[in-house]
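[1] Give me coordinates for this.
(chains A and B)
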Amino acid sequence: MTANAIQKTNPDMKDAILQVDHLSMKFGGLIAIGDLSFQAKRGEITALIGPNGAGKTTVFNCITGFYKPSEGMITLNRADGSSYLLERLPNHEIPARAKVARTFQNIRLFSGMTVLENLLVAQHNKLMKASGYTILGLFGFSGYRKASAESVELAKYWLEKADLVDRADDPAGDLPYGAQRRLEIARAMCTGPELLCLDEPAAGLNPKESLALNSLLMDIKKTSGTSILLIEHDMSVVMQISDHVVVLEYGRKISDGSPQSVRTDPRVIAAYLGVDDEEVEAVLTEVGDEDVIEQLDTGPDSAHGPGTSSSYLAGPVSDTIGHSQGERVTVSKGASKAAQYDTRANSAPRKPSERLTAKPAGKSPKPAAAKSPTGKPRGGRK
Amino acid sequence: MAVSVSPERDTVASPVQRALREALFAGAISFGLFVLFIGLKTDQNISNQLILVQRWGLLITVVVLTMLGRFLYIAYGQPFMASQKVTNVATGLLPASVASRFFLLPAFIAAFVLAIVLFAFNNSLPALVGDGLAGYLQFLRALAVIYALACVIFYFRAFIHANFTKLGISALVLYPILVVVVLSLNAWSITSGLQGSLKWVDNFGIQILIYVMLAWGLNIVVGLAGLLDLGYVAFYAVGAYAYALLGSQYGLSFWILLPAAGAMAAFWGVMLGFPVLRLRGDYLAIVTLAFGEIIRLVLINWREVTNGSAGISGIPKVTFFGLMTFNSTDPNYIGKVLHIAQSSAYYKIFLYYLILALALLTAFVTIRLRRMPVGRAWEALREDEIACRSLGINTTTTKLTAFATGAMFGGFAGAFFAARQGFVSPESFVFLESAIILAIVVLGGMGSLVGIAVAALVMIGGTEALRELDFLKSVFGKDFTPELYRMLLFGMAMVIVMLWKPRGFVGSREPTAFLKERKAVSSSFTKEGHG
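    Have a look, this model is predicted:
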């Protein structure tokens, strides 16, 4: 792979630091992400939210190279104009070259090393160059000593930001949970990232620590110009600090916009709070059962759903999915609450024009899958 | 259904009762264990037939001793320690109190005087009290010396702790000189002093330092990078054969071949590393184990080059940087150049300083590398590989450098080994060697240079000291060879240390950088790595 293939200039995408196009990730028969597209703008905080198991962390793992996506393209546009296709870069080059740093949902610190050492490890690549790949540094060249002192200064700067200076010489494993979260963010920032991906940074924090985290993130956004992409369940964090929210459910995007618009989006509300079974029943009886079940099968969001992607033939997630060994895995059809909302919204008018985009592609593969003789009885909906 | 509680369970058994019960259990277990090990023995009779010798008396002795030991421990040992703990807490003497009661000044003086007296009458002892008793007295003398030394260490522990490195290095540098001086004074002649120093310098000094160096080399791979390598001896073999072959075939100097042997071992480290570093944990351990065996089998079977299991002999000695040699026939033999008496001790003393320098080089490089980005990356890799990758560290090259660096020091040690022995054969590079080196690293505390050096001293010095316990022959019979029990010693030391200090002698970790003060990181935070 040459550098040019990965690196291309894309002047149109200047304002979007991260561009995810038609991203899919399949594990055997399980589709964790299905045809997801979104953008994260430079200098903004973009939040990725969704119920448990919606595939948020999988998206992160695809962006940071821990997974190779099954399909799709992830473009990162750096401030100097160069662009990287992240799905083609090796894992460790994504932080090194594309300047994407991340934290983990279950904190991954070097617990046996001190707080300061954690931050110095983060500056590995810079220091390796300064030490002449160890050889010059071994003989005590002054260039390395200078770079080493600079790296300690940078570490100190981030320790102050994260309010950890007093604990700098303690082992990272000895810090309280909230401090470990802040340290992980400080460590990621020490790599000098342009995009910082935070996987549930507020998980397990008390309200006070959560507030401190908010101000740290706002500070990072203002002073360092780093764009932030975060996964979060804590809505106080999401609504207060994010400029843009993307909502996932069952690996599909169900909403995308400003925090205010997302908050009032009925599909998001349905996804989080669920739809009353009674309402669904009422709709079902209203419109004749068979048809509604067909409707339920068509996926959560017809605009972003399977219908628009020609490559995506396996049908919606809530359908019967072909497993790698030809076995079929059936996911409860009533699982996607956003889909149920869509069903109710669409079932009453049932105008062909509304479903124009979804029907031809979305419907044709589905009956074959659902009604195939080997298929297990469809079920799950109560 | 009603649950009835038996009245016996309510009352707590007295220690003696409990001890009786435990002793019975221990007796049953040891009987079950030893009935086949000790009770029966296969032997050959006069007409070469295989016969079964029954040793019930010995079995009963062992079982009774086990029961007695268990009984005493439960009945008196445990209550004593429990009350000791209470007293210690009450008097606030923890934890030095037991030690300060053990190391008493009068006892120290007594031990010192005893050791001096026994040393003074060393030569006339067998005539005075007979051979058997003289052996015991020598053992007693050794105990007295150890006790006196332990007392000195205990009383000056603060000073020793503060200046450990300086004291350790100066003790190592002065060791051969001290040995020669003491033995010369003892025999009142320099020649016999030099002759007598051979055992102490070669069997103890050089042997221990080779293992210190090997363990420090392996420490880079296992202790720092957290990659479990069970085939380290392969790199030792590569270094040894590199010097043995190139030195004896092409007559190249040791000083050229030492870096070459290191480079070759490092090259093989990388060759092994490339395919196997995607493996982790147990899988990596097994592949490295296989690599060690492959190298050994190649050495055995590639007869045209390695001379098979007969090995290579006549490996040239190291010269004193080309200025002087240690072959008494050469014109520039050290004795002729310096006009001193001929002795084989010069070469051993020179080798001692050579391996000391090599070991110190290993330590120096390890200490330097730990403070460099690559060393920090090794330790970070041991702590969390995924986090390393998320920080842009190329884990493959980082692991490879660890493998290559560790292998390089193994190669240096191998070249030295070949020069010291003058003979190499595949026999010297069996899996057991890898296991011993790894055991030293684990016992010493992974990552800790001091701990590893102490572990090597105890384990290798201990096994060498077993050879000195000749008096045991008068206890266990003439065909008793104490050095055959070195693996038992190893096993016992492993069990004891792992119970007492699960992370090795020195479990804590020195941080490589600090803002305000350098605080050791407790072993409860460090990880062992996953391969």
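[2] what about the helices in the stretch 1-150 of chain A?
    For the stretch 1-150 of chain A, helices defined by DSSP state H, counting those that start in this stretch occupy the ranges A:3-6, A:56-63, A:93-96, A:115-122, A:124-130, A:135-138, A:142-161.
[3] Just give me the lowest mean pLDDT stretch among the ones you listed.
    Here the helices of the stretch 1-150 of chain A differ in mean pLDDT, and the lowest is helix A:3-6 at a mean of 44.
[4] ok, back up a step: need the helices of the stretch 1-150 of chain A in a markdown table (columns: mean neighbour count).
    All C-beta atoms are positioned from the backbone trio N, CA, C, and that covers glycine. Output for the helices of the stretch 1-150 of chain A, formatted as a markdown table (neighbours: other CB atoms under 10 Å in any protein chain shown):
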| stretch | mean neighbour count |
| --- | --- |
| helix A:3-6 | 11 |
| helix A:56-63 | 24 |
| helix A:93-96 | 22 |
| helix A:115-122 | 28 |
| helix A:124-130 | 21 |
| helix A:135-138 | 16 |
| helix A:142-161 | 16 |
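[5] for the ones you listed, which one sits closest to residue B:315?
    For residue B:315, the closest of the helices of the stretch 1-150 of chain A is helix A:135-138, at 31.0 Å, according to CB to CB.
[6] Let's have the helices of the stretch 1-150 of chain A in JSON lines, adding distance to chain B.
    Below are the helices of the stretch 1-150 of chain A laid out as JSON lines (distance: least, CB to the nearest CB, whole Å):
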{"stretch": "helix A:3-6", "distance to chain B": "15"}
{"stretch": "helix A:56-63", "distance to chain B": "10"}
{"stretch": "helix A:93-96", "distance to chain B": "3"}
{"stretch": "helix A:115-122", "distance to chain B": "4"}
{"stretch": "helix A:124-130", "distance to chain B": "4"}
{"stretch": "helix A:135-138", "distance to chain B": "5"}
{"stretch": "helix A:142-161", "distance to chain B": "7"}
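[7] Redo those helices as a markdown table? Include distance to residue A:15.
    As requested, the helices of the stretch 1-150 of chain A are arranged in a markdown table below (distance: least, CB to CB, whole Å):
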| stretch | distance to residue A:15 |
| --- | --- |
| helix A:3-6 | 21 |
| helix A:56-63 | 18 |
| helix A:93-96 | 21 |
| helix A:115-122 | 28 |
| helix A:124-130 | 28 |
| helix A:135-138 | 41 |
| helix A:142-161 | 26 |
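[8] Let me know which of the ones you listed is the nearest to residue B:278.
    Once the helices of the stretch 1-150 of chain A are compared by CB to CB, helix A:93-96 is nearest, at 17.3 Å.
[9] give me the element residue B:36 is part of.
    Using DSSP states H and E, residue B:36 falls within helix B:15-37.
[10] before we move on, the earlier item: quick one, which of the helices of the stretch 1-150 of chain A is nearest to residue A:236?
    Among the helices of the stretch 1-150 of chain A, the nearest to residue A:236 by CB to CB is helix A:56-63 (17.8 Å).
[11] residues making contact with that closest one?
    For helix A:56-63, the external contacting residues (CB atoms under 8 Å, 6 or more residues apart in numbering or on different chains) are A:18, A:20, A:23, A:25, A:32-33, A:36, A:48-50, A:67-69, A:72, A:74, A:86-87, A:94, A:100, A:102, A:105, A:197, A:199, A:229, A:231, A:248, A:251.
[12] I'd like to know which of these are buried.
    A:18, A:20, A:23, A:25, A:32-33, A:36, A:48-50, A:67, A:69, A:72, A:74, A:86-87, A:94, A:100, A:102, A:197, A:199, A:229, A:231, A:248, A:251 (16 or more other CB atoms under 10 Å in any protein chain shown).
[13] so residue B:119 touches residue B:144, yeah?
    No - using CB atoms under 8 Å, residue B:119 is not in contact with residue B:144, being 9.7 Å away.
[14] With chain B as the reference, measure out to residue A:180.
    12 Å (CB to the nearest CB, to the nearest Å).
[15] Burial check on that residue, number of neighbours?
    Neighbour count of residue A:180, defined by other CB atoms under 10 Å in any protein chain shown: 21.
[16] For the strand or helix carrying it, buried residues please.
    Applying DSSP H and E as the criterion places residue A:180 in helix A:177-190. Going by neighbour count (16+ other CB under 10 Å), the buried part of helix A:177-190 is A:178-190.
[17] Nearest spatial neighbour of residue B:285, chain-adjacent residues omitted?
    Nearest residue to residue B:285, sequence neighbours excluded (CB to CB, 6 or more residues apart in numbering or on different chains): residue B:228, at 4.3 Å.
[18] For the one you found, give me the backbone phi and psi.
    Main-chain dihedrals, residue B:228, degrees, to the nearest 10: phi -80, psi 110.
[19] again, but for residue A:257
    With angles defined as degrees, to the nearest 10, residue A:257 sits at phi 170, psi -160.
[20] dump the residue contacts of it.
    A:244-245, A:265.
[21] Restricted to strands, list those.
    Among the contacts of residue A:257, the members falling in strands (DSSP state E) are A:244-245.
[22] Spit out the contact partners of the residue of the stretch 151-300 of chain A at minimum distance from chain B.
    Minimum separation of the stretch 151-300 of chain A from chain B (CB to the nearest CB) falls at residue A:173, amounting to 3.8 Å. By CB under 8 Å, 6+ apart, residue A:173 lies in contact with A:109, A:111-112, B:524-525.
[23] Ok, residue A:219 next?
    By CB under 8 Å, 6+ apart, the residues touching residue A:219 are residue A:161.
[24] ok, 10 Å please
    Contacts for residue A:219 (CB atoms under 10 Å, 6 or more residues apart in numbering or on different chains) come out as A:161-162.
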